[in-house]
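# Fold the following, please.
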Amino acid sequence: MRDQMIFRPALLALALCLPSATMAQDAGAYLAAQNAASSSDHRAATYWLDRALQADSGNPDLLEGSVVANIASNNFPAAIAVAQTMGSSGLQSPAMYIALLDQQAKAKDWAAILDWKMDQQPIGALLENLVKSWALLGQGKPAAAMKRFDAIAATQGLESFGLYHKALALASVGDMEGAEAIFSDADHPLALTRRGVLAHIQILSQLDRNEDAIDLATEAFLPSDPTYKAVTAELRAGETLDWTVARNASDGVSEVFYTLASALQGEAGDTFTLLYARVATDLRPDQAEAQILVGELLDQQGQTELAIDAYDQVSPDDMLHEAAEVARADALFGNGQQDEALAVLATLIDERPDALGPQVGYADALRRMENYKDALPAYDRALRTIGRPSAQYWPVLFSRGIVHERLGQYTESEADMRAALELQPDQPDVLNYLGYALVEQGRKLDEALDMIQRAVEAEPDSGAIQDSLGWALFQLGRFDEAVEPMVQAVALEPSDPIITDHLADVYWAVGRRAEARFQWRRALSFDPTEAEAERIHKKLELGLEQVLTDEGKTDLATKITDAHDNTN
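Next up, the predicted model:
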């Protein structure tokens, strides 16, 4: 869907080109707004756009940008006010349409939604048709609504959207059999999100098919998933699950925005996807999946305070509250509030000692803080909770292996890494880390090289993995072969002090001494650690062979000397 966006990226780019004398009166506001938009600082963008609009109140790009920024920062009253100003001026824009649609859906003004006419690009046409289908249902015209859903389902590439929302609409009017027929149609299988699976489970339960609902939940969710535990507990107790996914037309419109936001995640710009998710939560604040999606998108944009606010909106009574709290802790950590993040996770662990997510999150936080001593028993507890790990738990073993390696417990680290590879063969991050660690330890170098080569094949554009390959070849004394991957690594990670230092070592080994010294000096400019900087200064002063000899690596020093002698 990348080519079907209705918004330009980076808050529509705002078109801040200062084209008029009027605009030039407050050029600083325009430039500040542009800077805020480019960095996804939505709150700052709203402030500076307001300032810019004081100088040029009728500028359509600024008005549209203001609507987008206000929606992104969850200020819908302001977004709607600007959208109404645009409408009264005869302007049209996708952002204005979204804001007014949100207002009309909350007011259940279905007639206004159905009267709206707008020439949209394909993704906009899908949005419009889905929303108008739900609006017909809101008007008490289910037959017309289903006909419109069918028209969407008959459109190539949009079948799943039309069928899924028709199923939700049927369930909302009590036709659970019709909804189940769509979900179970093998000829037109639906690619369901997590929420779609929950919808199917609720429908099965409504049809007194709790055993089938349990089977579906068991197939779709991990045993440690709070949703799985809560849902299956009710089902096994013989209770009928309430239908909650789309109870009415307003919920249905919210679901449209969430569905499209989920489909567009990773395909469109984060701000564009964020707008859809924001509307979903404004129409239905208790939609936990949408709140979490909002938080994830904001966190990816570096807007951690807004992300934390979004995660806070998930009710403690919701099945996804634990997931929201783990995500909130991660956002707090990213915001520099490490102690607060640990406190959130510790509280979750106290409340539910058997909950895996908080335990892994707590261990990960300690590892990121380089508190390896406390991280190790935290990972141990998480793995005891898991029991016998299955494929999806390889990251936990991998993370514990990292901690063992940082503590100098190489045998234990290697065991964890190999166990992770048994669960997820050829996982490039594990192959690279273990291969690199073995190279650094001077052990099993041939096997280490093979691991790294497999990692490079899987992820050739990773600078870290290319560095590992070059470094392994260097440690094996295959200096000429090490040049190409090391040059590639620096091209991919041009400001990494360690990778640049490695390239200098390789250049030194093949006799390119002037280039080596140049790269060592470059590495010093990239803020290496104090120990790394001291070692680079020694190499500049004494040469690489002497430094290696002083470190007890005489074999490698000798290989470099021999290679240099042979070159001469």
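
# now do the same end-to-end measure for stretch 182-195.
16 Å (CA to CA, to the nearest Å).

# Contact partners for Gly162?
Gly162 sits next to Leu130, Phe149, Asp150, Ala151, Ile152, Ala153, Ala154, Thr155 when contact means CB atoms under 8 Å, 6 or more residues apart in numbering. Quick note: C-beta positions are derived from backbone N, CA and C, even for glycine.

# try Arg367
Contacts of Arg367 by CB under 8 Å, 6+ apart are Ala375, Ser399, Ile402, Val403.

# coming back round to it: just the buried residues out of the contacts of Gly162, in PyMOL syntax.
The following PyMOL line selects those of those that are buried, judged by 16 or more other CB atoms under 10 Å:
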select buried, resi 130+149+152+153
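
# how about the contacts of Gly162 in TSV, adding pLDDT?
Output for these, formatted as TSV (pLDDT from 0 to 100):
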residue	pLDDT
Leu130	96
Phe149	97
Asp150	96
Ala151	96
Ile152	95
Ala153	95
Ala154	94
Thr155	92
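
# In helices, which of the contacts of Gly162 appear?
Leu130, Phe149, Asp150, Ala151, Ile152, Ala153 (DSSP state H).

# The closest residue to the last one other than its chain neighbours in helix, strand or coil?
Taking CB to CB, 6 or more residues apart in numbering, and ignoring the residues beside it in sequence, Ala153 has Gly162 as its nearest neighbour in space, at 3.0 Å. Look at Gly162: counting by DSSP: H, G, I helix; E, B strand; the rest coil, its state is helix.

# residue contacts, Leu216?
Val197, His200, Ile201, Leu204.

# what kind of secondary structure is the last one in?
Here Leu204 is helix, with the state taken from three-state DSSP.

# Might one say that it is in contact with Asn210?
Yes - counting by CB atoms under 8 Å, Leu204 touches Asn210, with 7.4 Å between them.

# Settle it for me: which of the two has more neighbours?
Per other CB atoms under 10 Å, whichever of Leu204 and Asn210 has more neighbours is Leu204, with 25 against 20.

# Can you say which of the contacts of Leu216 are buried?
Val197, His200, Ile201, Leu204.

# What's the mean pLDDT across the strand or helix carrying the first one?
Assigned by DSSP states H and E, Val197 belongs to helix 194-206. For helix 194-206, mean pLDDT rounds to 97.

# same question, stretch 498-511
pLDDT averaged over stretch 498-511 gives 96.

# Now do the same contact list for the closest residue to Leu320 other than its chain neighbours.
In space, and not counting its chain neighbours, Leu320 is closest to Ala288: 4.1 Å by CB to CB, 6+ apart. If a contact means CB under 8 Å, 6+ apart, then Ala288 has Val314, Ser315, Asp318, Met319, Leu320, His321, Ala324 as its contacts.

# The fourth one and Leu345: what is the separation?
What it means is Met319. Noted for Met319: a distance of 19 Å to Leu345, by CB to CB, to the nearest Å.

# Closest to Gln265 out of the buried ones among the contacts of Leu216?
For those, the residue nearest Gln265 by CB to CB is Val197; the value is 17.1 Å.

# The nearest residue to Leu423 once chain neighbours are set aside: which element?
The shortest distance from Leu423 to any residue other than its chain neighbours is 4.2 Å, reached at Trp394 (CB to CB, 6+ apart). Following DSSP H and E, one finds Trp394 within helix 394-406.

# helices and strands around the very next helix or strand once past that helix, which ones?
Next helix or strand after helix 394-406 toward the C-terminus (DSSP H and E): helix 410-423. The contact analysis (3 or more CB pairs under 8 Å, 6 or more residues apart in numbering; DSSP states H and E) places helix 410-423 against helix 394-406, helix 428-441.

# Redo these as TSV? Include mean pLDDT.
Below are those laid out as TSV (pLDDT from 0 to 100):
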stretch	mean pLDDT
helix 394-406	97
helix 428-441	93
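
# now for those helices, which one comes closest to Glu530?
helix 394-406 (18.0 Å).

# distance between that closest one and the chain's centre?
22 Å (CA atoms, centre = their mean, to the nearest Å).

# Send me it as CSV with only the CA atoms.
These are the backbone C-alpha positions of helix 394-406, laid out as CSV (Å, rounded to 0.1, in the frame of the first residue of the first chain):
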residue,chain,number,x,y,z
TRP,A,394,14.9,-18.2,21.3
PRO,A,395,15.4,-14.4,22.1
VAL,A,396,15.4,-15.2,25.8
LEU,A,397,18.2,-17.7,25.5
PHE,A,398,20.1,-15.4,23.2
SER,A,399,19.8,-12.5,25.7
ARG,A,400,21.0,-14.7,28.6
GLY,A,401,23.8,-15.8,26.4
ILE,A,402,24.8,-12.2,25.9
VAL,A,403,24.8,-11.7,29.7
HIS,A,404,27.0,-14.8,30.2
GLU,A,405,29.4,-13.5,27.6
ARG,A,406,29.7,-10.1,29.2
